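>>> turn this into a model:
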Amino acid sequence: MTTITISGLPGTGKTTVAKLLEQRLGLRYVYSGEIFRRLAEQHQMSLEEFGKYCESHRNIDEELDRHQLGILKEGNVILEGRLSGWLAFQNHIPAVKVLLQADIQIRASRIVKREQGDIEKRKKEILKREKSEATRYKKYYGIDVSDTSIYDVIIDAGDKTPEQIMEIILRYVR
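Numbers count the residues shown, from 1 in each chain. Got it, this is the predicted structure:
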């Protein structure tokens, strides 16, 4: 049974790499961020506004976590999410925990390429969102997102193609 978690900050290439792995390995792929985005839309808020809202409404994070935990427990999945590696680690669920990292400039330019906008404005939005998430994760779970010790594979995605990143992960999985 193979379970892979892919975590990282916005713009690190998580989704692209996860989809490549899905094609190569034939595993089910689940993107937990999509659930969060749908909830933000339902609340008629931007991601930034919804993240701030979640800082005082823990039940939303708990709902997301229950959903992700169920998926992790089933196994044979690629789960992409900011906390997916931590959830596997804290709940002793066997998984290859991958963390993708990249410089803020690279991440912002990737997001602008994908979603349009101004790079400087995007950088501010990204940093604000990351700060909000770090606050929630520390407050709700005692997780310090800067602690990378739980990950099996940490990849600097800033200077690699998605295919190169996938190959690094596959070498570890095998």
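>>> and Met45, that's in a strand?
No. Assigned with DSSP: H, G, I helix; E, B strand; the rest coil, Met45 falls outside any strand and is coil.
>>> check contacts around the closest residue to it other than its chain neighbours.
Spatially, and ignoring its direct neighbours in sequence, Met45 is nearest to Tyr53 (6.2 Å; C-beta to C-beta, 6 or more residues apart in numbering). Every residue, glycine included, has its C-beta placed from N, CA and C. For Tyr53, the contact set (C-beta atoms under 8 Å, 6 or more residues apart in numbering) comprises 43, 45, 60.
>>> can you tell me which of those are buried?
For the contacts of Tyr53, a burial check counting by 16 or more other C-beta atoms under 10 Å picks out Ile60.
>>> so which of the contacts of Tyr53 comes closest to Val17?
Ile60 (26.4 Å; C-beta to C-beta).
>>> surely that closest one and Leu39 touch.
Yes. Between Ile60 and Leu39 there is a contact under C-beta atoms under 8 Å: 6.3 Å.
>>> the helices in the chain, which residues?
Applying DSSP state H to the chain gives helices spanning 14-25, 32-42, 47-54, 58-74, 84-90, 104-115, 119-141, 162-173.
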